[in-house]
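Undergrad: build me a model from this:
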Amino acid sequence: MENNKVPQTLNFTLGNFTILTSRNLITDGGAETSITPKMLAVLIELAKHQGQTLSKAHLLFAVWGTVHTSDMVLSRAISDLRKVFSDSARKQSFIETVSKQGYRLKKEVTWLNSTSITEPQIEIEKQTATQIDSVTTCDEKSGKKHAKIKRLTIFITCSLILCILLYKQTFTSKSDSSITVAKVTQITSNEDPKRYIRFSSDGKYLAYSANSSKTKGSKIHIHSLKNDETHILDEMNANATTTNANIVTYQVAPTFSHDGNQIAYKRYTKSSCHIMVFNLNNFSQRELSDCPSSKTEALDWSSDDKNLVSTVFNPMKNTESLIFINVISGNIEVLPSSQDKASGYFWPRFSPDNQKIAVVYFRPNNNSWTIGQVDAQSGEFSEVLTVNEEVSQVIWDETGEFIYYLVVNSPDEGIRKIHISTKHIQTIANIRSGSLDFDIVNRQFVFIKRERKSNIWQSHNNQQGEITTTATFEHFPQTHSPSLSPTKNTLAFISTASGIDSLWLKKRNANTLLFQGSTNEKMSEPTWSPNGKELLVTVLQKGESRIMQFDLELNNVKRFPRKNNVKMGKWSNDGTMMYWYEETDGHWSVIEKDINTGSTRVILDHPISRFEIVSSNILYQKIGSLAVHLRSLTDENKPSVNEQKIISQISSYGWDAHHNRVYYISEAAKSQMLSSMELATGESTALYPISANQSVNSSRHLSVNKDGSNAFYTRIHKEQKSIVLLNLQ
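TA: You can find the predicted model right below:
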């Protein structure tokens, strides 16, 4: 199986036992026990996921290639393995049965290289004994044999220790998790949505944006860490009027000035946005400037309190640039923009000496996130670190030599720290948060802890013509990315448990595991063939993306045969063509392949977030855009350059397309509406309202049957956010 590709010659140890995979042997000292290939495959799969609970369906699919095999074959393999390890169902020192979940390997796994110690040593012993037998007596054989083996054992052992020390030194120079968090304190525990948390310069106050039952929209909250009191900024404003209080406003991105006397933030109303400055001495505020159009809401004060830094989006160049806003005059200065299209600077933060600005820089063509510095005078950009994980925020430490950064939407989410000169990386804490700040006075972090559960919901017309909306799953921890089969009787979906994605099928009331990814792999875009007999899914991991292709009739799976990174696999309506998004030399394009002839061609040469094929057209969204575009594929030599914007604004990635229609989620007066557009006429029709708060996963979120009467979509089922302090001392 694809997720089983640990080389069979790669040996490993479990406690005192050594597993020789190439010989189907388990050794314990001088004793050797042969095991069957299936027993070995089960053990390897458990070893690959050491410490994790694997379901029976996972192990059956990984080893026997199908989930329809009887559980008895797996139970027998587990029982036989336990006998080899002198283990039992009662003792369970090596393989643990987790009730109603599966099996877990308890012992630590140590993988050995292809020339592992144990196996070559056995062969050397045999060769040495044979050579000595031919030239010596029995007594001489024994003495010389053991002396040579002893010298050889000492040499190999010392070499191994040296290699481990060198490896550890090399690894530690790049990453180190040695920092111990001394104290974690929860500040708030209510369910009010919160975001954009910031410390005051002295570390005594917190400012954040929050919704509450008392206010309409979101308001800036000021929380004292000394007496645990919280005040809403508008209630503190001496100039606030009853009229202003009745206007629904959304206040975001608060930031304290370094002298502690002012808070700058953005205030949105229905028709405008302004950058405001609130004076904490006399509780008054003033309007500084209009908000520039931006992809992020971040604001930060310069260390001399003369300027604010923010970002501005240029729709013509499709780039994000930095701007300085003078806090006295409100004048705006735009720094030179980033060079790559569809990318830009995000979450800017001034360095302690005011000379540089830390930023996050996204390059969509290779799906990489770069932490960088921008010179505050010249605007020159320099790279610090590039990663294939999403980075939300960057913060300087007090020396200006380190940058803390927050990794989000990853199984390995958390706070990390990089030394700008040496590139030395440390993991500070594994947390789930979208907002982070660092108090340099007390050396502590504050973050907004996220607890979120997503579920797939179904909306449809019942027999009485009423709209019925129900949650599809009750017992799965996280479900998303629904994809309804053409036969309308099977739903493919992705479930996430303990940070690991799995591909499942739901048919009637039965759920079947089809494929489970490994740690640090994310799945997206499950897509059916027109006949409903095959399924594609994209598997993403650090620096790599691939497509897995499932034949549901034959119960087998194979990797899509392309050497480059590929994702978003599709079929044409008649099943004669295949399409996918492929990276070549850092550049992504949509490729079309004729299944009969094998010929391929590029049909779209542009960075996109998603696409669909409908009849002789390609529909797609560009990176950073919520509009849906259309191009014709009728030209056999090259794709048409005539691009049409058929839908100007949709709700995130909530759209589906087939049979000359596009189904999409749009904003309605008091809810979200499922609508359809006929491609031939461009006429849109509102079908029925649905509740479709989108989850953070940016893959397919909407799957609609042919007539639009039945819709599946991802919705956040439960979410709670708490403010937490994390002290490093």
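Undergrad: from here on, contacts and neighbour counts on C-alpha atoms
TA: Will do.
Undergrad: show me which helix or strand of the protein is least confident by mean pLDDT.
TA: Sorting the helices and strands of the chain by mean pLDDT, DSSP states H and E puts helix 118-133 at the bottom, at a mean of 34.
Undergrad: what mean pLDDT does stretch 499-507 have?
TA: On average, the pLDDT along stretch 499-507 is 88.
Undergrad: same check, this time on stretch 525-535
TA: Here the average pLDDT along stretch 525-535 is 93.
Undergrad: again, but for stretch 31-42
TA: Here the mean pLDDT over stretch 31-42 is 88, rounded to a whole number.
Undergrad: partners of the closest residue to Phe381 other than its chain neighbours in the sheet?
TA: Spatial nearest neighbour of Phe381, chain neighbours left out: Val374 (4.5 Å); criterion: C-alpha to C-alpha, 6 or more residues apart in numbering. Per DSSP bridges, the residues bridged to Val374 are Ile357, Phe381.
Undergrad: Val374: what's it in contact with?
TA: Going by C-alpha atoms under 8 Å, 6 or more residues apart in numbering, Val374 touches Lys356, Ile357, Ala358, Val359, Glu380, Phe381, Ser382.
Undergrad: verify the stated contact: the last one with Ala376.
TA: No - with contact defined as C-alpha atoms under 8 Å, Ser382 does not reach Ala376; the gap is 11.9 Å.
Undergrad: between those two, who's got more neighbours?
TA: More neighbours surround Ala376 than the other of Ser382 and Ala376, with 20 against 13 (other C-alpha atoms under 10 Å).
Undergrad: so where's the stretch 351-500 of the chain uncertain?
TA: In the predicted model, the stretch 351-500 of the chain carries pLDDT under 70 at residues 364-367, 411, 451-452.
Undergrad: just the strands in it please.
TA: Under the criterion DSSP state E, counting those that start in this stretch, strands of the stretch 351-500 of the chain are mapped to 356-363, 368-375, 381-387, 390-396, 402-408, 414-419, 425-429, 433-439, 444-461, 467-471, 479-484, 490-497, 500-507.
Undergrad: return the most buried member of these.
TA: Here the criterion is mean neighbour count by mean count of other C-alpha atoms under 10 Å, and of these the winner is strand 479-484, at a mean of 28.
Undergrad: so His629 versus Ser524, what's the distance?
TA: 21 Å (C-alpha to C-alpha, to the nearest Å).
Undergrad: show me which of those two is the more surrounded one.
TA: Between His629 and Ser524, counting by other C-alpha under 10 Å, Ser524 is the more crowded of the two (25 against 17).
Undergrad: my read is the more buried one is in a helix, agree?
TA: No - the assignment for Ser524, made by DSSP: H, G, I helix; E, B strand; the rest coil, is strand rather than a helix.
Undergrad: go ahead and confirm it touches Thr538.
TA: Yes - Ser524 is within contact range of Thr538, at 5.2 Å (criterion: C-alpha under 8 Å).
Undergrad: tell me where the chain has helices.
TA: Along the chain, counting by DSSP state H, helices occupy 37-48, 56-64, 71-84, 118-133, 138-174, 233-236, 242-246.
Undergrad: comparing those helices, which gets the lowest mean pLDDT score?
TA: helix 118-133 (a mean of 34).
Undergrad: can you tell me which residues contact Ser648?
TA: Leu626, Ala627, Val628.
Undergrad: closest to Gly217 out of those?
TA: Leu626 (23.4 Å; C-alpha to C-alpha).
Undergrad: burial count for the closest residue to Ile608 other than its chain neighbours?
TA: Closest residue to Ile608 apart from its sequence neighbours, by C-alpha to C-alpha, 6+ apart: Lys622 at 4.1 Å. Lys622 has 16 neighbours, counted by other C-alpha under 10 Å.
Undergrad: same check on Ser421?
TA: The number of residues packed near Ser421 is 9, by other C-alpha under 10 Å.
Undergrad: residue contacts, it?
TA: Contacts of Ser421 were listed using C-alpha under 8 Å, 6+ apart, and they are Glu401.
Undergrad: what of Asp397?
TA: Applying C-alpha under 8 Å, 6+ apart to Asp397 gives the contacts Ile403, Tyr404, Phe438, Ile440.
Undergrad: residues contacting the third one?
TA: Right, Phe438. The contact partners of Phe438, by C-alpha under 8 Å, 6+ apart, come to Phe199, Ile395, Asp397, Gln444, Phe445, Val446.
Undergrad: shouldn't the second one be in contact with Tyr404?
TA: Put plainly, it is Ile395. Yes - Ile395 lies in contact with Tyr404 (C-alpha under 8 Å); the separation is 5.1 Å.
Undergrad: quick one: Ser218 and Thr249, what's the gap?
TA: Applying C-alpha to C-alpha to Ser218 and Thr249 gives a distance of 7 Å.
Undergrad: more neighbours, the two?
TA: For Ser218 versus Thr249, neighbours defined as other C-alpha under 10 Å are more numerous around Ser218 (22 against 19).
Undergrad: who's Gly102 bridged to?
TA: Following DSSP bridges, Gly102 is listed with bridge partners Val98.
Undergrad: number of residues surrounding it?
TA: When neighbours are counted by other C-alpha under 10 Å, Gly102 registers 16.
Undergrad: one more: Asn282?
TA: Neighbourhood size, Asn282 [other C-alpha under 10 Å]: 11.
Undergrad: also Gly586?
TA: 12.
Undergrad: first-to-last residue distance for stretch 206-222?
TA: 6 Å.
Undergrad: now do stretch 312-323
TA: Start-to-end span of stretch 312-323 (C-alpha to C-alpha) is 7 Å.
Undergrad: buried ones in that stretch?
TA: Within stretch 312-323, the residues scored as buried using 16 or more other C-alpha atoms under 10 Å are Val312, Phe313, Asn314, Asn318, Thr319, Glu320, Ser321, Leu322, Ile323.
Undergrad: for the record, mean pLDDT for it?
TA: Averaged over stretch 312-323, pLDDT sits at 81.
Undergrad: check stretch 603-617 too.
TA: 88.
Undergrad: quote the end-to-end distance of it.
TA: Distance across stretch 603-617, first residue to last, is 10 Å (C-alpha to C-alpha).
Undergrad: buried set for that stretch?
TA: Those would be Ile603, Leu604, Pro607, Ile608, Ser609, Arg610, Phe611, Glu612, Ile613, Val614, Ser615, Asn617, for stretch 603-617 by 16+ other C-alpha under 10 Å.
Undergrad: same check on stretch 22-29?
TA: By neighbour count with 16+ other C-alpha under 10 Å, stretch 22-29 contains the buried residues Asn24, Leu25, Ile26, Thr27.
Undergrad: go on, stretch 576-586?
TA: Met577, Met578, Tyr579, Trp580, Tyr581, Glu582, Glu583.
Undergrad: which residues touch it?
TA: Against stretch 576-586 from outside (C-alpha under 8 Å, 6+ apart): 365-366, 564-572, 588-596.
Undergrad: what's the PyMOL syntax to select whichever of those residues are buried?
TA: A single PyMOL command is used to select the members of the contacts of stretch 576-586 judged buried by 16+ other C-alpha under 10 Å:
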select buried, resi 365+366+565+566+567+568+569+570+571+572+588+589+590+591+592+593
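Undergrad: so who does Lys622 touch?
TA: Lys622 touches His606, Pro607, Ile608, Ser609, Arg610, Val628, counting by C-alpha under 8 Å, 6+ apart.
Undergrad: picking that back up, Lys506 versus the residue nearest to Ile608, what's the distance?
TA: Going from Lys622 to Lys506 by C-alpha to C-alpha gives 32 Å.
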